[in-house]
Every structure is written in structure tokens, then in C-alpha cells.
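Peer 1: what follows is a predicted protein model with its sequence.
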Amino acid sequence: MVNYLLVVFAGLITPFAFAPFGYIPTIFIGHLILFWLIFNSKDNKQAFKIGLVFGLSEYLLGFYWMFSIVEGYDINYQIVMSITILGIITIIALLLGMSSYIIKRLSNNSIFYYALFTPSIFTLYEWIKSWLFTGFPWYASSDSLDIFDLYSLLPVVGYLGLCFVFYIFIGICTYLIKNYKNKTSYFLFFTYLLLLAFAVLFTKNINWTTDIKKTNIRIITGDFDLNQKNNRYEVINRFNKYKALSNTQPTADITVWPESTISIDYQDIEKHIDLNSINTDVFSGVYYQEQDGSKNTLFSFSKNKPVYYKEHLIPFGEYTPWWFTLLRPLLPKFNMDNLFPGSNEDNFTIDNIKVFSSICFEILFSTELLDRSKDANIHIHISDLGWFDNTIAIDYLLNVARMRVIETSKPMVYSVNKGYSAFIDHKGVIMSKQSSSGLYMLNQILVPQQGTTFYTKYKNTPLLGTIILLFFIFIFRRGKKSKAI
């Protein structure tokens, strides 16, 4: 019973390591307890339960804000969506339980097992979590590790590689505690710290990209709510207000409006807005009707067409998964809840500056952005965070945006309608930000970048290849010892 109370405690303190809290030691303490309990569980079944309980504790607390999203809707929707959220959390927790089971099932007291095999299994868990059921990459361990310049490793290993670095540290610490009388464990611990410090110092001083001409960029945004999204009058009124601010002299080279600024099909208001009176290049979140259906886009008013189509849609918000079709009648009708994903052949160019884009929670999917970032100079991200108003997701997503910037070494224009719009330089430093508590504009000189990082070129291939190799080495060594016995 004590073990389960401990693992509940470990799971509950872990979310406090992430933004906006930033109590980073809690993720170290939480995972140290988790590793210790798995290694010392009496059998495989108990190890599975420990992993499961940790996952449930971490995600039920970490995602409490998701349940607040469904408030205000009819009771059928609240029940169905609450069960769905609980189901997703349970599946992710079961995945962690399975990982814990495998670790215990193949347990031994070797340094290799603690320092490499176990971290490999946990890193694979993070990887599977990122694409299972369209992906659930929230709360990856690396998202909390903005400490001791560890983020400087992101251009080399990415968020998943930083997870691996973290789990190796936890594995070595657990081995040290378990074998505290063994001098080898201390040597391993301090050697790893020295190697990690060297890697951080080395990567911190690498300039992955080079500056090109400075660009004056403006973000226009306003605090508009969900209940204003499908009102045509409100949409036209919002367009005119944003246009007036965009035309404020001196105008910027590029002006960005957030996702859902035009929150109904563009064709429904096209005749009621005047594009000719816009005196700058404006890019806005626009729903755009095409032959196969409505799509969520980044729209260029100067070109009068979309320049980027959202590819990774939000289940239950922008479309209903096929496996949920039977329960669809129980859900209320949302504005633009039957969208279609788009496809993008190439980045777009503004005055010889190549731009790649992302919309909403696409920012969570690191590897999906890499190919588009290679030849680009700047990253425009737009999002409608009205769903997450007054939740911890606002600060969490801004920190994730910083990680994507550091991974690609491309500066970002981060435009949202709730929370903080910001400009982030190519090192992940927030140059300026402002809360969208009203209509405002934010101006910044941004320096686009040319070049690519190691992670951009090779993605997770070196990491996953290393993990597979380590797994086979571990199995080979284990088989060899079994034969010797």
C-alpha cells in the first residue's frame, strides 16, 4: 500500500515541473520515485500497476483543465467528452504501465540495464505517445527541462532526445542509490554529469544558422470569445478593426492576425470586406471553402488565397474521428467542426523571405515541422486559444513554441487570440510579448535565419536507431548470461 501511495505522490507532483509552474525539481523527484518503485517491485504485475498509477496520477492532474473546457455545454456533451478524455488518459497510462512491465520483466542489476535499457524503454514510450491516436505529445519530460541550458541540446537531439538524456540521468541516479557502496556507481554518475556539461557548453556556442536582412513584423490581435466566432457581423467588424491597426503608420513589412480571425468561410464575407484598403502584407487565420470542404488556413490578403493549409486537425474540435461516429449525435454542433486537412507542397515567400507555418496544436508535433523548416527563414504560428482561456495550457504552449524555435533555429511570430502573442528569436528568447486582453498591436524587428540544425536534417532517426541497437545489445547480453548459467 505504501508503494502505491508513493507513486500517486510522484505522479501528482510531476505536472508542477511544467509551465506555468516551473518547479523543475518535481519531475526529477517524481521519476526517481517511479524508477525506484519499478526496479524494486515484487513482480511484473506490480511494476505494471505502478506505471499505470503514476500515469493516471500525472495526467488526471495535468489535464484537469481539459474537463473545464466542456463546462457550459449540455449534459450529454459533458458526459461523452469527459468519458473520452478519461479514456485517452487511461490508454496513455496503460502504455506507461506496459513500459514498466517490460522493464521489470527484463530486469537485472547491470549498469547497462539502469543507465541505457530502461531510459530507452521510457523514450520509446514518449515516442509512441506522440503519434498514437493522431498523437498525444503533451507533457513530454523534456518540455519541463528549461534548466542549466539543457535546451541548447535541442538543435542536436530534439525534444525526444532530451527525454532520453533525462531518463539516463534518472536511471543512473537510481543505480547510485541502489549501489551506494559501489565506487563504480559514483564514477558513472560524475562521468555522466561531466559529459552532459561538456555537451551543453559545446552546443550552446554553435551558431546553426546565419542572419539575413532584418524584417519589421506586426501582430494584430484581439480578445474575441468562442461565442463570437460564427457571427458574420462580428467577423466583419473584427476584420475592419484589425485592418485599421494594420494600416497604422509606419506600416510593417509583414502583419499577422491569429487563427480564426475569419471564423466562418471566407466566401461568406468576401463581398463585404475591402482588401484594396489594406496597405501591408497581412496574413490571417481564415476558414476557406474548397471543393472537398472547408479548411483551416493561413490566408494572404494581398494574394487573396491561402498560403498554408492546416494538416493536423484536432479531433472532436475540427473533425470527428471515424471510431466516434456512432456517438456524434450526442455532441453539440460547433462552428467549423467538420473541417478537412490540407496539403502543402512548398513554403511561401514574402519579399525573398521564405516562411513556414503551423496552426494551433500543430506546434506540439516537432517532427512534422522539420521538413518545412529546412529551407525557410522564419516561422509564423497562429492559434485560437479561446478553448483554453484561463487554463495552464496558455503558458505551456508558449514554452513549447520556444522549444520548436530552438530545434529549428528559426525565429517565430507567435500570434494567438488568447494568452500571450509573442516574438521569439532563433535562440528561443522571447523578445517581446503581450497579453491579448483587448485589441492591440505588437511590433518587433525580427532577424530571419538561413541554414539548418542537425535535428532538422536527421530528425529522430539517429536516436531511434541507437535505441534499437541498445535493445538488441541488451537482449544479446542477457541471452549470453542465461546460457552461461
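Peer 2: Received the coordinates, thanks.

Peer 1: quick one, what contacts the closest residue to Tyr151 other than its chain neighbours?
Peer 2: Excluding its sequence neighbours, the residue lying closest to Tyr151 (CB to CB, 6 or more residues apart in numbering) is Ile406, at 5.4 Å. C-betas here are computed from N, CA, C, even on glycine. Applying CB atoms under 8 Å, 6 or more residues apart in numbering, we find Ile406 in contact with 151-152, 154-155, 427-428.

Peer 1: so which of the residues you listed is the most crowded?
Peer 2: Tallying neighbours with other CB atoms under 10 Å puts Leu154 at the head of those, with 26 neighbours.

Peer 1: buried residues of the helix or strand harbouring it, list them for me.
Peer 2: Leu154 belongs to helix 154-178 when assigned by DSSP states H and E. Neighbour counts using 16 or more other CB atoms under 10 Å place 154-176, 178 of helix 154-178 among the buried residues.

Peer 1: elements contacting it?
Peer 2: With contacts taken as 3 or more CB pairs under 8 Å, 6 or more residues apart in numbering; DSSP states H and E, helix 154-178 sits against helix 25-39, helix 118-129, helix 183-204, helix 366-373, helix 393-408, helix 454-458, helix 461-484.

Peer 1: with mean pLDDT and distance to Cys360 added, can I get the ones you listed in JSON lines?
Peer 2: Output for these, formatted as JSON lines (pLDDT from 0 to 100; distance: least, CB to CB, whole Å):
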{"stretch": "helix 25-39", "mean pLDDT": "98", "distance to Cys360": "26"}
{"stretch": "helix 118-129", "mean pLDDT": "97", "distance to Cys360": "19"}
{"stretch": "helix 183-204", "mean pLDDT": "96", "distance to Cys360": "30"}
{"stretch": "helix 366-373", "mean pLDDT": "94", "distance to Cys360": "13"}
{"stretch": "helix 393-408", "mean pLDDT": "96", "distance to Cys360": "9"}
{"stretch": "helix 454-458", "mean pLDDT": "97", "distance to Cys360": "22"}
{"stretch": "helix 461-484", "mean pLDDT": "83", "distance to Cys360": "27"}
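
Peer 1: following the chain onward from the one helix or strand Ile89 maps to, which element is next?
Peer 2: Here Ile89 sits within helix 75-105, counting by DSSP H and E. Downstream of helix 75-105, the next assigned helix or strand under DSSP H and E is helix 111-112.

Peer 1: tell me the mean pLDDT for that next one?
Peer 2: In this model, helix 111-112 carries a mean pLDDT of 92.

Peer 1: still on that earlier bit, what is the rounded mean pLDDT of the helix holding Ile89?
Peer 2: The model assigns helix 75-105 a mean pLDDT of 90.

Peer 1: now swap in stretch 49-67 and tell me
Peer 2: pLDDT averaged over stretch 49-67 gives 94.

Peer 1: how far off helix 154-178 does the helix holding Ile89 point, in degrees?
Peer 2: For helix 75-105 against helix 154-178, the angle between stretch directions is 60 degrees (axes from the mean of the first three to the mean of the last three CA atoms, to 10 degrees).

Peer 1: name the helices or strands packed onto helix 75-105?
Peer 2: By 3+ CB pairs under 8 Å, 6+ apart, helix 75-105 packs against helix 25-39, helix 44-62, helix 64-69, helix 118-129.

Peer 1: show me what the last one is packed up against.
Peer 2: Packed against helix 118-129 by the contact rule (3+ CB pairs under 8 Å, 6+ apart) you find helix 75-105, helix 154-178, helix 461-484.

Peer 1: buried sites along it?
Peer 2: In helix 118-129, counting by 16+ other CB under 10 Å, buried: 118-127, 129.

Peer 1: could you check the angle that helix makes with helix 44-62?
Peer 2: Going by the same axes, to 10 degrees, helix 118-129 makes 50 degrees with helix 44-62.

Peer 1: cheers, nothing more for now.
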